[in-house]
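*Asks:* Pasted the sequence and its predicted model underneath.
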Amino acid sequence: MIRVRFAPSPTGHLHIGGARTALFNFLFARRNRGTFILRIEDTDEVRSTPESVGGILEGLRWLELDWDEGPEIEADGSGVKLTGRENGDFGPYFQMERQDLYRKIATQLLSEGKIYRCYCTAEDLESMRRHAQLSRIPFKYDGRCRELSEDAMRGKAASGEPHVLRFRMPQEGATQFKDLIHGDLSFENNLLDDFIIVKSSGIPTYNFACVVDDHFMKISHIIRGDDHLSNTPRQVRLFLSLGWEVPIFAHLSMILGPDGSRLSKRHGATSVEEYKSLGYLPEAMRNYLALLGWSTSDSQQIFAPGELAQKFDLEHCQKNPAAFDAQKLLWMNVTYIRGLADPELLERSLPWLEGAGFWNSKTAPPKERLRAIMRLEKEKYRLLSDIPKLLDFFFQEPKFDPQAVEKVLNAENASQVLTDMLAELGKLDPFTAKSIEENARRYAADKKIKNGAVFHPLRVAVSGRTQGPSLFEMIEMLGQTVVLGRIRSALQLPR
RNA sequence: GGCCUGUUCGUCUAGCGGCCUAGGACAUUGCCCUCUCAAGGCAGAGAUCACGGGUUCGAAUCCCGUACAGGCCA
């Protein structure tokens, strides 16, 4: 039975890297008819926030990475909310609610002598660290509390001195584990120190809580970023000393910024939330993220719905880090937008049209008309947020681009052309793209001027700019009354 | 500083000993189409497979070293 998990710390937004890890876990689960579990690792008391939990869940939901077990949420218009209930038989899925379990396991380990109390203070550790630095050897806890005498131990315990719990790491041999991406890996034990499993506050450390949860949640495969690779031998050691079966690992390479350094804010948007509000489509995001560090043998780029879950495998995951390429993401978004059927595209862009004040559910314009307008520029939308920007002149008076006015409307003959066309278009019936075009071309031919000398001023007059949809369809869509009005206004423009 | 992992066009990647005079995609260049901008079509440029040694009849592919990058512990 395949069981995988995504285990974010709610200390910030859902990062691109986290989203990719979640995606790979999700795809692996779906591909193998396994279970995808969401666990919240909130043991960092100071940095964890409920807002982060909400944000992360919302991001996952937006990407449609639906988890089979974990916190239950309900969605309303404004976002997702925790219900306080959970799905799955292996909860709770918040680590802070699993303290009793960690304590129980720690007690057991202590009684078996596999861990020990360490009373070293921060100052003690600091001096060890300095010492190590001075003698240019790597810092490693020296294990001085490892063999405290019974008496000393009892004394310290009686006086209630604060202590941590440390794992008794074997000093010889090696620890190996299976990694589906890197192959079998082996680490020398003597390089690992007696790491802390419970802090003096009584809160378990990441390495400990993670192992306990992965065991009790029956996780079969741990798929995570390779920044955890160095932690893995410690965790394997814990599994072993508890007599638990060790899961199979898969360490994903990191995602880097375009300059090759770790992806961070200075590279631009790094959270899923930002991409959502920028106007990216979740399916484009998923597709792009899937291809960061994974590929098929034929380098397929675009995947139909469900196809990723069908084809995904860990064997084709890249070992080396991948640079995040915003340009390719954008291309992918364009591809997906174009692939959307018109009604679907309209539904998706309604929030943006509404945001721009071009639509609302009461005053319309009717969706039929919106769809027709949107179709005019469909191949030009890179982001959903481009749509209102590109189409604004259909909904409001054009904002004249000064350069366009200077270059086109102030050109020789432009006023004459517009004046003539005003008359021509005024008597045109029917007012269709076809009739408008025939009329404009005939006019140019009669006057022996270039088509462009007619078309360009018309375009700027009705839309305010030099770039836009097919001129005649645009004019038809605007309608005779509006077009005549706009040409008149353009003729009044200060020169 | 130690350890770990990695290194194929600018970028994402295919490749798992002969099919590679290295394939695809994004970006890029030119041309065509054209009422603008796009889109589309066609053509092109771009990687001595990090470097140096081996192993082999034969290596991008296997082994060793070096360099560089990233990660973890500090």
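*Replies:* Right, received. Where do you want to start? Quick caveat: nothing in here was measured; it's all calculated off a predicted structure.

*Asks:* need the strands for chain A, in chain order.
*Replies:* A:3-6, A:35-38, A:70-76, A:79-87, A:115-118, A:164-167, A:174-179, A:183-188, A:196-198, A:221-225, A:248-252, A:255-256, A:322-323 (DSSP state E).

*Asks:* Any chance of JSON lines for these, columns distance to RNA strand B and mean neighbour count?
*Replies:* Placement of C-beta: from N, CA and C, glycine included. Converted to JSON lines, those look like this (distance: least, CB to the nearest atom of the strand, whole Å; neighbours: other CB atoms under 10 Å):
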{"stretch": "strand A:3-6", "distance to RNA strand B": "18", "mean neighbour count": "24"}
{"stretch": "strand A:35-38", "distance to RNA strand B": "22", "mean neighbour count": "24"}
{"stretch": "strand A:70-76", "distance to RNA strand B": "25", "mean neighbour count": "16"}
{"stretch": "strand A:79-87", "distance to RNA strand B": "29", "mean neighbour count": "14"}
{"stretch": "strand A:115-118", "distance to RNA strand B": "13", "mean neighbour count": "20"}
{"stretch": "strand A:164-167", "distance to RNA strand B": "12", "mean neighbour count": "22"}
{"stretch": "strand A:174-179", "distance to RNA strand B": "8", "mean neighbour count": "17"}
{"stretch": "strand A:183-188", "distance to RNA strand B": "5", "mean neighbour count": "12"}
{"stretch": "strand A:196-198", "distance to RNA strand B": "8", "mean neighbour count": "22"}
{"stretch": "strand A:221-225", "distance to RNA strand B": "8", "mean neighbour count": "22"}
{"stretch": "strand A:248-252", "distance to RNA strand B": "7", "mean neighbour count": "21"}
{"stretch": "strand A:255-256", "distance to RNA strand B": "6", "mean neighbour count": "21"}
{"stretch": "strand A:322-323", "distance to RNA strand B": "3", "mean neighbour count": "16"}
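
*Asks:* Can you add mean pLDDT and give those strands back as CSV?
*Replies:* Listed next are those as CSV, based on pLDDT from 0 to 100:
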stretch, mean pLDDT
strand A:3-6, 96
strand A:35-38, 96
strand A:70-76, 82
strand A:79-87, 79
strand A:115-118, 86
strand A:164-167, 89
strand A:174-179, 88
strand A:183-188, 85
strand A:196-198, 89
strand A:221-225, 94
strand A:248-252, 93
strand A:255-256, 90
strand A:322-323, 91
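
*Asks:* Including distance to A:M96, could these go into TSV?
*Replies:* As requested, the strands of chain A are exported to TSV (distance: least, CB to CB, whole Å):
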stretch	distance to A:M96
strand A:3-6	17
strand A:35-38	15
strand A:70-76	13
strand A:79-87	14
strand A:115-118	21
strand A:164-167	18
strand A:174-179	28
strand A:183-188	30
strand A:196-198	14
strand A:221-225	20
strand A:248-252	26
strand A:255-256	29
strand A:322-323	34
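
*Asks:* Tell me the pLDDT of the closest residue to A:R20 other than its chain neighbours.
*Replies:* Take A:R20 and drop its neighbours on the chain: the residue closest to it by CB to CB, 6 or more residues apart in numbering is A:L289, 4.6 Å away. Predicted confidence (pLDDT) for A:L289: 95.

*Asks:* In contact with A:L289, which residues?
*Replies:* A:I16, A:A19, A:R20, A:L23 (CB atoms under 8 Å, 6 or more residues apart in numbering).

*Asks:* What count of nearby residues applies to the third one?
*Replies:* Using other CB atoms under 10 Å, A:R20 has 26 other residues around it.

*Asks:* Could you do A:G113 as well?
*Replies:* A:G113: 8 neighbours (other CB under 10 Å).

*Asks:* nearest residue to it other than its sequence neighbours?
*Replies:* A:R168 (7.2 Å).

*Asks:* which residues does that neighbour contact?
*Replies:* Counted by CB under 8 Å, 6+ apart, A:R168 has contacts A:G113, A:K114, A:I115, A:Y116, A:R146, A:D194.

*Asks:* quick check, nearest of the residues you listed to A:D76?
*Replies:* A:I115 (46.1 Å; CB to CB).

*Asks:* The closest one reaches A:I196, doesn't it?
*Replies:* No - the pair A:I115 / A:I196 is not scored as a contact, 9.5 Å apart, by CB atoms under 8 Å.

*Asks:* list the residues that contact both of these two?
*Replies:* A:L165, A:R166, A:F167.

*Asks:* which strand residues sit across from the second one in the sheet?
*Replies:* Okay, so that is A:R166. A:Y116, A:I196 (DSSP bridges).

*Asks:* Now render the contacts of A:R168 as a markdown table, adding distance to A:F455.
*Replies:* Listed next are the contacts of A:R168 as a markdown table, based on distance: CB to CB, whole Å:
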| residue | distance to A:F455 |
| --- | --- |
| A:G113 | 88 |
| A:K114 | 83 |
| A:I115 | 81 |
| A:Y116 | 85 |
| A:R146 | 86 |
| A:D194 | 79 |
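
*Asks:* Which single one of these is nearest to A:F324?
*Replies:* Using CB to CB, those come closest to A:F324 at A:D194, 37.9 Å.

*Asks:* Just to check, that closest one is in contact with A:Y141?
*Replies:* Yes - if you go by CB under 8 Å, A:D194 and A:Y141 touch, sitting 5.4 Å apart.

*Asks:* Please identify which of those two sits among more neighbours.
*Replies:* The neighbour comparison of A:D194 against A:Y141 (other CB under 10 Å) goes to A:D194, with 22 against 19.

*Asks:* list the residues that contact both of A:D194 and A:Y141?
*Replies:* A:C118, A:R166.

*Asks:* and the stretch 251-400 of chain A, which residues reach RNA strand B?
*Replies:* A:253-254, A:256, A:258, A:260-262, A:291-295, A:297-299, A:301, A:315-316, A:318-323, A:325, A:327-328, A:331, A:379-380 (CB under 7 Å from any atom of the strand).

*Asks:* Now list the buried members of the residues you listed.
*Replies:* The neighbour count (16 or more other CB atoms under 10 Å) marks A:S253, A:M254, A:L256, A:L291, A:L292, A:G293, A:W294, A:P321, A:A322 as buried among these.
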